[in-house]
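> need coordinates for the below:
(2 chains)
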2 protein chains.
Amino acid sequence: MTDVPKRRYVVLAEGRFRGAKTAHGVLRYGADEVVAVLDSTLAGGSVRGVMPGLLTDPERDAPIVATLEEALAFSPTSILVGVAPAGGRLPGEWMETLRGAAGAGLEIVGGLHQRLAPEFPDARVWDVREPPAEAPIFSGEGFGVKSKVALTVGTDAAIGKMTATLEIEGAAGRAGISTAFVPTGQTGVIIAGWGVCVDAVVSDFVAGVSEELVLRAAESSPGLILVEGQGALSHPAYSGVTLGLLHGSCPDCLVLCVSPERGPGYAGVPRPSPARAVRIYEEVAALVKPAPVVAVSANTKGLSDKEASAFVEKVAEETGLPVADPFRDSAEPILEAVLKAEAKPKRAEEFY
Amino acid sequence: MTDVPKRRYVVLAEGRFRGAKTAHGVLRYGADEVVAVLDSTLAGGSVRGVMPGLLTDPERDAPIVATLEEALAFSPTSILVGVAPAGGRLPGEWMETLRGAAGAGLEIVGGLHQRLAPEFPDARVWDVREPPAEAPIFSGEGFGVKSKVALTVGTDAAIGKMTATLEIEGAAGRAGISTAFVPTGQTGVIIAGWGVCVDAVVSDFVAGVSEELVLRAAESSPGLILVEGQGALSHPAYSGVTLGLLHGSCPDCLVLCVSPERGPGYAGVPRPSPARAVRIYEEVAALVKPAPVVAVSANTKGLSDKEASAFVEKVAEETGLPVADPFRDSAEPILEAVLKAEAKPKRAEEFY
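Here you go, the predicted model:
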């Protein structure tokens, strides 16, 4: 959304920048600028130097510095805690850095489960995972959204739904299509500067909050609304979050995110095959509003180019759908399928 | 569960006893005794006199009284606010009655969205909808439960899942089968004296809380665990709650609750036919653990006997399953089907 003033971030990632996925997301996709990364173990370098391949936009980069004082020279507005230190809770040194940042007038932005507002009662704090105080129940208003709505879904959690969504957004932007990205998880929310972590919402309200996010995205009448998916219908711990988002966001079509077999899934529960996942997502979506799976996003991370092509081909054959790895290759085939998707009736129509 | 001391309830239902469904549930099914109902508009009568048909157990009844003073003569331990007055928030007179009850040493039990603990800081208060402070993530331990687990599901919310579950429990008790009822909504929790309102739990934890409830019920090694269902996979606002409970409770089999056509459903979304619901519940359950629908519970409230039989027959023909209205007729056909259900593999087995 455009009504949020831009942030200039210092990213606090002491000793952990290489594994700081939220920081990587903000650096690659963020609507806000990262002016410095704080990691004394990599100080003196730059993001581009340390993580070649992360930044595709040649205008993006950030220096890595050793101290808060150095970072302040780049006039940040906010300090981002986007990676949990070993042990979970923030250690004393990190708290001290945050106190220093607050003292320098910076906003503290926390993407962790641990809420920071109670720790810094006098600072401006944005706890990204804090759900909205007033959450609505699903109303059905989402059925009336005029923009085409696409949602990413997956055969597992942490399979690349956010990345796929953002790469499709990028492709749409390059094609001149007005697009709104709807963030539903902490990294997505930090990247976009708005949104709700739907997994932190009381279950009765997940569909209503998802609907409201889409309604808000629709306010600027974009040609395309891209909703970041969460979890998986087949994930035993998080399937309820997935379904609340699937029904609540009232999508017109779905993009299925898959990866090659990764061994037994969470709690030993297997991931469904892509074809089975397509069938079940479509059946379950259609209970409320029909939404066909129009393309598959393949996460081929770790495969050779040859293995990756073979995997993409196999999934295409199995599902009969356009398949692409939007990170390794291009999101254009997926975008094309989304744009071709028919506008569907606005809700299910079979009455009993 | 058996480790909770019995309550003796006064039910506060001033002017609203006839529509007080939670009170009716506690009176008909409660593990705790109702010693008096407070409704001055019906004072002098008894529950049995005012609502013939509600109480099937001849030993159950309660006097209806006009004042708290009269109610105190029956030595209550607790006062239950089980019906929301018109307007939602409790009016001044109700608050005064509750203050009087607290002053007399009674525990205040609230089943409404509005929390009562903050209003009565010095009283013992049980806010039934308050979720547990420490909620677990689903672990998979539920796959190892030895007792047979059955869950009620439905083609809509408020279609009779709790009633069906409790009637099956009653039939099992009469057949001498040790049975544990797992309450997942406010009335069920008040009836049983334990449990969690899963729709009030943060969505990330619904499956974990559901699993934990079943593990707790399994501690006494009952022959049968009956889990009260919530919402419906086809309900656009609450489907996420339903799926978290479906996957988290790891049921071995399902009982589908249906009713005759009631016009367009929530937000204009139609209810699925019983046959379609059977197919989709089975497919979605099987993503985590196979659980066939073994019987259908038909809610024929409002139909004539002839219409009711015709409906039961129609659903039986459509689904090929045993169908009964456990309230109008008997839960025995449903119980029989549950007892015959095969012990299924403890989790899904198809790997991709």
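
> so what's the residue of the stretch 251-352 of chain A found nearest chain B up against?
Among the residues of the stretch 251-352 of chain A, A:A267 lies nearest to chain B; the distance is 3.0 Å by Cβ to the nearest Cβ. Where C-beta positions appear, they are placed from N, C-alpha and C, glycine not excepted. Applying Cβ atoms under 8 Å, 6 or more residues apart in numbering or on different chains to A:A267 gives the contacts A:236-237, B:138-140, B:143, B:347.

> let's have those residues in JSON lines, adding distance to B:R328, secondary structure and pLDDT.
As requested, those are exported to JSON lines (distance: Cβ to Cβ, whole Å; DSSP: H, G, I helix; E, B strand; the rest coil; pLDDT from 0 to 100):
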{"residue": "A:P236", "distance to B:R328": "36", "secondary structure": "coil", "pLDDT": "97"}
{"residue": "A:A237", "distance to B:R328": "39", "secondary structure": "coil", "pLDDT": "97"}
{"residue": "B:F138", "distance to B:R328": "37", "secondary structure": "coil", "pLDDT": "97"}
{"residue": "B:S139", "distance to B:R328": "40", "secondary structure": "coil", "pLDDT": "96"}
{"residue": "B:G140", "distance to B:R328": "39", "secondary structure": "coil", "pLDDT": "96"}
{"residue": "B:F143", "distance to B:R328": "36", "secondary structure": "helix", "pLDDT": "94"}
{"residue": "B:R347", "distance to B:R328": "37", "secondary structure": "coil", "pLDDT": "72"}
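
> out of those, which end up buried?
A:236-237, B:138-140, B:143, B:347 (16 or more other Cβ atoms under 10 Å in any protein chain shown).

> where do the strands of the stretch 151-300 of chain A begin and end?
Counting by DSSP state E, counting those that start in this stretch, the stretch 151-300 of chain A has strands at residues A:179-182, A:224-227, A:253-258, A:293-298.

> pLDDT (mean, whole number) over the second one?
For strand A:224-227, the mean per-residue pLDDT is 98.

> packing partners of that strand?
strand A:148-154, helix A:161-174, strand A:179-182, helix A:206-218 (3 or more Cβ pairs under 8 Å, 6 or more residues apart in numbering or on different chains; DSSP states H and E).

> just the mean pLDDT for the shortest one, thanks.
Going back to what we said before, that points to strand A:179-182. 98.

> what sits up against that strand?
Surrounding strand A:179-182, the residues in contact under the criterion Cβ under 8 Å, 6+ apart are A:1, A:147, A:165-166, A:169, A:172-173, A:188, A:192, A:195, A:213-214, A:217-218, A:220, A:222-228, A:249.

> before we move on, the earlier item: buried deepest among the helices and strands packed on strand A:224-227, which one?
Ranked by mean neighbour count, the helices and strands packed on strand A:224-227 are led by strand A:148-154 with a mean of 27 (mean count of other Cβ atoms under 10 Å in any protein chain shown).

> quick one: that strand near chain B?
No: under the criterion of Cβ under 8 Å from any Cβ of the partner chain, strand A:148-154 makes no contact with chain B; the nearest approach is 12.2 Å.

> shaky segments in the stretch 201-350 of chain A?
Where the stretch 201-350 of chain A drops to pLDDT under 70, the residues are A:343-346, A:349-350.

> picking that back up, nearest to A:P63, out of the strands of the stretch 151-300 of chain A?
Closest of the strands of the stretch 151-300 of chain A to A:P63 is strand A:179-182, at 27.3 Å (criterion: Cβ to Cβ).

> dump the closest one to CSV, restricted to CA.
These are the backbone C-alpha positions of strand A:179-182, laid out as CSV (Å, rounded to 0.1, in the frame of the first residue of the first chain):
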residue,chain,number,x,y,z
THR,A,179,-0.5,-5.2,-8.9
ALA,A,180,-1.1,-5.4,-5.1
PHE,A,181,0.8,-7.9,-3.0
VAL,A,182,-1.1,-9.0,0.1
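
> tell me the strands beside that strand, with direction?
Taking DSSP bridges as the criterion, strand A:179-182 pairs within the sheet with strand A:224-227 (parallel).

> thank you kindly, that will do.
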